[in-house]
Each structure stands twice: as C-alpha cells, then as structure tokens.
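> Could you work out the structure for the sequence below:
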Amino acid sequence: MAEPIKITVSGILEDLKNGYTRTTGEKHYLGDEKSIQEKYGLNKSQVTELFTHEKLKGKKTITIKAPAFILEDDTEDSVEISDAPTDITDIKDSNENEAIHDEEDASTEESTPEWMA
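Got it, this is the predicted structure:
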C-alpha cells in the first residue's frame, strides 16, 4: 500500500494565495496544473474532504486583478498661462537701477566738452 501524501494547512493556504483553485472545474482555473486537485493528485471528493478542516473552511482562491488603466497626474509640473505676467512692467531686473546710473554718468561725461573740464 502506498504511503499517504502529507499536505499542510499552511501549504494549502499558500497555494490559494498563489492563485491555485480547489479543482480543475472552477471558473478561475487557469490551467497549467494550477489546481490543488492536480498538484496533490487528489480526486474531487478528496479535495472536498480536505476543505472540511476548520482552518480551510470557506477559504477561496485569491485572484489578483490587473488594473484596467493607469491614471497619471500630469498637471503638477505645468504652469498655467494665467500665472505668467501679462504686462512688461511687471518684470524687473535686479540690476536695473545700477544700469541707469551708469548710463547717466557716462552721458554727462561725454556731453561736457574737454575745454570746460
């Protein structure tokens, strides 16, 4: 007589977490031996008996659903047109005053003739 298969509750819970279904006839069954029935070589009534254990009762396959879309917020780094200055006088140069004084000094020196200096 063959030795019985050792199956652990934690192993079954891990299988359910990894997408394994109870049997091959369930709607979420993906094929490729992704059922507990196939993994442990059990028949359908043995799988039913397995899930009568108090820690396995009502446990279902955990299906991971991929999102249908990815929403990306592209408005954070953009500048709205209404935030930009609309009048040229709103824009100031930090050297504006120095430039005006330099031009005035240069123009007064040039306008004074040499014979008057």
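> any weak-confidence spans in the protein?
Low-confidence segments of the chain (pLDDT under 70): 1, 64, 77-113, 117.
> And the helices in it?
For the chain, applying DSSP state H gives helices covering 9-17, 36-40, 44-50, 96-111.
> Could you tell me which residues within the third one count as buried?
When burial is assessed from 16 or more other CB atoms under 10 Å, helix 44-50 yields the following buried residues: 47, 50. For glycine as for every other residue, the C-beta is placed from the backbone atoms N, C-alpha and C.
> Not including adjacent chain positions, what is the nearest residue to residue 59?
If the residues on either side of it in the chain are set aside, residue 59 comes closest to residue 16, at 5.7 Å by CB to CB, 6 or more residues apart in numbering.
> number of nearby residues for the nearest residue to residue 15 once chain neighbours are set aside?
Leaving out its chain neighbours, the residue that sits closest to residue 15 by CB to CB, 6+ apart is residue 36, at 5.6 Å. Neighbour count of residue 36, defined by other CB atoms under 10 Å: 22.
> so residue 36 touches residue 49, yeah?
No. Applying CB atoms under 8 Å as the test, residue 36 and residue 49 come out as separate, 12.0 Å apart.
> Tell me the spacing between residue 16 and residue 3.
Noted for residue 16: a distance of 25 Å to residue 3, by CB to CB, to the nearest Å.
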